[in-house]
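A.B. asks: this one's sequence-less:
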């Protein structure tokens, strides 16, 4: 059974940092496309970043490029998202999601992802 569990969210001041974690169970992480998505109050879910399959290439949304960094450890079955220079508009619930096959993750489109965690909230406020 595929399971994804996020942690690490919280309240942080503008300009601060957080590190989100996602623990993956029930599947071999390196065979899947794995991504981070977020949903702000009243807005649609949007893609943040994705690591594509075994090749391990990483893509980022334009709104987080240069501030966020995604990484993966296939042995530990863990995925991380380092959030730096946070802005109030980064406030959202952040989700880890996996895609068995396709291009949704690489395109940062949430609709085609196959498995989702429950999310971890990030609030950026002074």
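C.D. replies: It's in. Just so you know, these numbers come straight off a predicted model, no measurement behind them.
A.B. asks: list the contacts for the spatially closest residue to residue 18 that is not a sequence neighbour?
C.D. replies: Using Cβ to Cβ, 6 or more residues apart in numbering and skipping residues adjacent in sequence, the residue nearest residue 18 is residue 83, 4.7 Å away. Placement of C-beta: from N, CA and C, glycine included. If you count contacts by Cβ atoms under 8 Å, 6 or more residues apart in numbering, residue 83 has them with 17-20, 67-68, 90, 122.
A.B. asks: this structure: strands as residue ranges?
C.D. replies: 3-7, 10-12, 18-25, 33-39, 46-52, 57-60, 68-73, 78-83, 92-99, 115-116, 120-124 (DSSP state E).
A.B. asks: for those, give me JSON lines that also has distance to residue 109 and mean pLDDT.
C.D. replies: Putting these into JSON lines (distance: least, Cβ to Cβ, whole Å; pLDDT from 0 to 100) gives the following:
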{"stretch": "strand 3-7", "distance to residue 109": "18", "mean pLDDT": "98"}
{"stretch": "strand 10-12", "distance to residue 109": "27", "mean pLDDT": "98"}
{"stretch": "strand 18-25", "distance to residue 109": "19", "mean pLDDT": "97"}
{"stretch": "strand 33-39", "distance to residue 109": "9", "mean pLDDT": "97"}
{"stretch": "strand 46-52", "distance to residue 109": "6", "mean pLDDT": "96"}
{"stretch": "strand 57-60", "distance to residue 109": "11", "mean pLDDT": "95"}
{"stretch": "strand 68-73", "distance to residue 109": "16", "mean pLDDT": "96"}
{"stretch": "strand 78-83", "distance to residue 109": "18", "mean pLDDT": "98"}
{"stretch": "strand 92-99", "distance to residue 109": "10", "mean pLDDT": "98"}
{"stretch": "strand 115-116", "distance to residue 109": "14", "mean pLDDT": "97"}
{"stretch": "strand 120-124", "distance to residue 109": "21", "mean pLDDT": "98"}
